[in-house]
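Provide a 3D model corresponding to the input given below.
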Amino acid sequence: MGLMGRHKTLGNQTSLTEMGLSSTMNLPRFAKTYSDLPTNPKQDLKDSTHLVEVQIILICAYCVIILLGLIGNSLVIHVVIKFKSMRTVTNFFIANLAVADLLVNTLCLPFTLVYTLLGEWKLGPVLCHLVPYAQGLAVQVSIVTLTVIALDRHRCIVYHLESKISTRISFLIIGTAWAGSAVLASPLAIFREYFSIELNHDFTMVVCAETWPREGQVNYGTVYSVLMFLIQYVLPLVIISYAYVRIWSKLKNHISPGAANDHYHQRRQKTTKMLVCVVVVFAVCWLPFHIFQLVSDIDSKVLDLQEYKLIYTLFHVIAMCSTFANPLLYGWMNSNYRTAFLTAFQCEQQLDFIHPNVSPALEAKKNLEAKENQCNGSPFSQRTSV
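Have a look, this model is predicted:
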């Protein structure tokens with residue numbers, strides 16, 4: 001469901017449960033209505049996340065995630081834009097993943113950290129609607145892009161369709177992914193309310209929570225949570241798993257007719273391994289958060305857990321680790337990205353890619369030739385795929 005929680009209305013009497021605040025603000029449950037709260041409401045808000053030691057750990061964790069995400073994803077976008085040899089369809093999709101992760105790093109995580117530490121929403125009504133919407137949008141774009149990459153590679157490798165997607169079509173797919181994701185995430189902004197709760201004369205709390213309609217026993221917030229779990233997690237991972245299993249089987253049974261084709265086949269294997277790792281990291285990071293959110297929506301007893309806030313925050317931190325993991329995987333598992341990153345850090349204007357399977361001697365020779373050509377002002381025209 002994202003960062004924000006649910007504001008429930010029961011008849012004419014409004015009450016905030018822990019799902020109403022804790023998913024939004026990571027606050028413990030209000031089991032009573034406002035009029036029944038104790039004289040000092042902050043007594044019920046005590047939990048482990050209010051300890052200074054825990055808050056320091058959370059600040060460090062979020063800051064590390066934000067910093068690594070900003071540097072890594074910006075670098076991915078930079079090399080794809082700067083170096084002509086990196087402008088392939090697969091790399092355009094990878095850059096789109098980086099844009100989605102940057103959206104979370106810049107527009108979601110800083111405000112989430114502030115909200116968690118303050119215990120109430122002090123960032124105004126605009127961000128109240130925008131922050132949860134941005135995260136829902138970014139997560140949906142990421143999983144759609146991963147699915148498109150898997151299906152494209154399945155089409156090319158399993159069915160030997162060498163006519164790859166054109167650049168124009170790839171950008172059309174990316175635009176469609178953002179538009180469709182914007183529609184799917186829109187309820188997170190529409191069913192949102194920004195208001196103040198006067199718990200007593202000395203304590204007023206500002207709340208940013210979801211306001212879902214109800215029909216009898218049907219809570220549309222729970223319905224949305226279940227649908228998003230299926231659309232945003234289960235169905236895409238089933239499709240992706242099927243595609244990569246077939247790709248892996250095809251590559252495993254490959255019989256190479258020649259050395260040149262064998263190098264091409266090995267590059268495909270390494271690229272496929274890298275992309276599978278990207279999907280696995282995404283799935284593993286988001287699984288605890290999705291399940292905990294879903295269980296919280298279905299069974300309200302989970303909200304009675306004494307450390308609900310701490311558990312929720314930890315699962316959210318784990319999910320956010322996926323926003324900086326991809327650039328690390330690219331640099332570790334793909335020589336083209338590794339070379340591009342190093343070249344970008346060295347502020348070089350030209351780039352000559354070497355295939356990941358050439359010998360060290362040939363690699364050194366190519367690098368030396370590249371330096372000589374660069375000194376002579378010769379542009380590099382070699383183009384390789386990821």
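
Strands of the chain, residue ranges please.
With DSSP state E, the ranges of strands along the chain come out as 5-10, 13-15, 192-200, 203-211, 214-215, 218-219.

Would you format the ones you listed as a markdown table with mean pLDDT, distance to L275 and mean neighbour count included?
Any C-beta I mention is one placed from the backbone N, CA and C, and that applies to glycine too. Compiled in a markdown table, the strands of the chain are given as follows (pLDDT from 0 to 100; distance: least, C-beta to C-beta, whole Å; neighbours: other C-beta atoms under 10 Å):
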| stretch | mean pLDDT | distance to L275 | mean neighbour count |
| --- | --- | --- | --- |
| strand 5-10 | 36 | 34 | 20 |
| strand 13-15 | 34 | 46 | 14 |
| strand 192-200 | 81 | 35 | 15 |
| strand 203-211 | 81 | 34 | 20 |
| strand 214-215 | 79 | 42 | 10 |
| strand 218-219 | 76 | 38 | 13 |
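
out of the ones you listed, nearest to V80?
Closest approach to V80 among those (C-beta to C-beta): strand 192-200, 34.5 Å.

In TSV: the strands of the chain, plus distance to S48.
Output for those, formatted as TSV (distance: least, C-beta to C-beta, whole Å):
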stretch	distance to S48
strand 5-10	19
strand 13-15	25
strand 192-200	22
strand 203-211	20
strand 214-215	33
strand 218-219	29
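
Double-check C128 against K122; I have them as touching.
No: the pair C128 / K122 is not scored as a contact, 10.3 Å apart, by C-beta atoms under 8 Å.

Comparing these two, which shows the higher neighbour count?
C128 (24 against 11; other C-beta atoms under 10 Å).

so T49 makes contact with L58?
Yes: under the criterion of C-beta under 8 Å, T49 makes contact with L58 at 7.1 Å.

and for those two, which residues touch both?
Any residue near both T49 and L58 by C-beta atoms under 8 Å, 6 or more residues apart in numbering counts here, and that gives 116, 313.

low-scoring stretches of the protein, by residue?
1-47, 161-164, 254-265, 347-386 (pLDDT under 70).

try 80
For the chain, applying pLDDT under 80 flags the ranges 1-50, 119-120, 159-165, 198-204, 214-219, 251-272, 297-307, 331, 346-386.

Show me what the longest helix that it contains is packed against.
Of all the segments of type helix in the chain, defined by DSSP state H, the longest one is helix 259-298. Packing contacts for helix 259-298, counted by 3 or more C-beta pairs under 8 Å, 6 or more residues apart in numbering; DSSP states H and E, involve helix 18-25, helix 124-158, helix 220-229, helix 235-252, helix 308-320, helix 322-333.

Reformat those as CSV; add distance to I65.
Listed next are the helices and strands packed on helix 259-298 as CSV, based on distance: least, C-beta to C-beta, whole Å:
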stretch, distance to I65
helix 18-25, 19
helix 124-158, 13
helix 220-229, 23
helix 235-252, 23
helix 308-320, 5
helix 322-333, 6
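
most tightly surrounded among those helices?
Of the helices and strands packed on helix 259-298, the one with the most neighbours on average (mean count of other C-beta atoms under 10 Å) is helix 18-25, at a mean of 26.

How many residues are close by the closest residue to S225 other than its chain neighbours?
Nearest residue to S225, sequence neighbours excluded (C-beta to C-beta, 6 or more residues apart in numbering): D297, at 4.3 Å. Around D297 sit 22 other residues, with neighbours defined as other C-beta under 10 Å.

was I right about D297 contacting T222?
Yes: the pair D297 / T222 is scored as a contact, 4.5 Å apart, by C-beta under 8 Å.

T147: which of the strands of the chain is closest?
Nearest to T147, of all these, is strand 203-211, at 26.9 Å by C-beta to C-beta.

Now do that closest one: which elements does it pack against?
Under the contact definition 3+ C-beta pairs under 8 Å, 6+ apart, strand 203-211 sits against strand 5-10, helix 18-25, strand 192-200.

repeat that for 10 Å
Under the contact definition 3 or more C-beta pairs under 10 Å, 6 or more residues apart in numbering; DSSP states H and E, strand 203-211 sits against strand 5-10, helix 18-25, helix 124-158, helix 187-190, strand 192-200, helix 220-229.

what angle sits between the longest one and helix 308-320?
Here helix 124-158 runs at 40 degrees with respect to helix 308-320, directions being taken by axes from the mean of the first three to the mean of the last three C-alpha atoms, to 10 degrees.

which residues touch stretch 49-63?
26-28, 42, 47-48, 109-110, 112-114, 116-117, 119, 307, 309-310, 312-314, 316-318, 320-321 (C-beta atoms under 10 Å, 6 or more residues apart in numbering).

next one: stretch 172-180
With C-beta under 10 Å, 6+ apart as the criterion, stretch 172-180 contacts 89, 92-93, 95-96, 99-100, 137-138, 140-145, 147-148, 152, 165-166.

just how off-centre is it within its chain?
Mean C-alpha position of stretch 172-180 versus that of the full chain (C-alpha atoms, centre = their mean, to the nearest Å) differs by 16 Å.

Buried by neighbour count: which residues of that stretch qualify?
For stretch 172-180, burial by neighbour count (16 or more other C-beta atoms under 10 Å) applies to 173-174, 177-178.

would you turn these into CSV with distance to R246?
As requested, these are exported to CSV (distance: C-beta to C-beta, whole Å):
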residue, distance to R246
I173, 21
I174, 24
A177, 23
W178, 28
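
Filter the residues you listed down to the ones in helices?
Using DSSP H, the buried residues of stretch 172-180 in helices are 173-174, 177-178.

To L227, which of the strands of the chain lies closest?
Between L227 and the strands of the chain, the tightest spacing by C-beta to C-beta is seen for strand 218-219, at 12.7 Å.

In its sheet, which strands sit next to that closest one, and in what direction?
strand 214-215 (antiparallel) (DSSP bridges).

where's the strand it pairs with relative to the chain centroid, distance-wise?
32 Å.

Same question for stretch 50-63.
Here the centre of stretch 50-63 is set off from its chain's centre by 22 Å, with C-alpha atoms, centre = their mean.

Many thanks, I have nothing further to ask.
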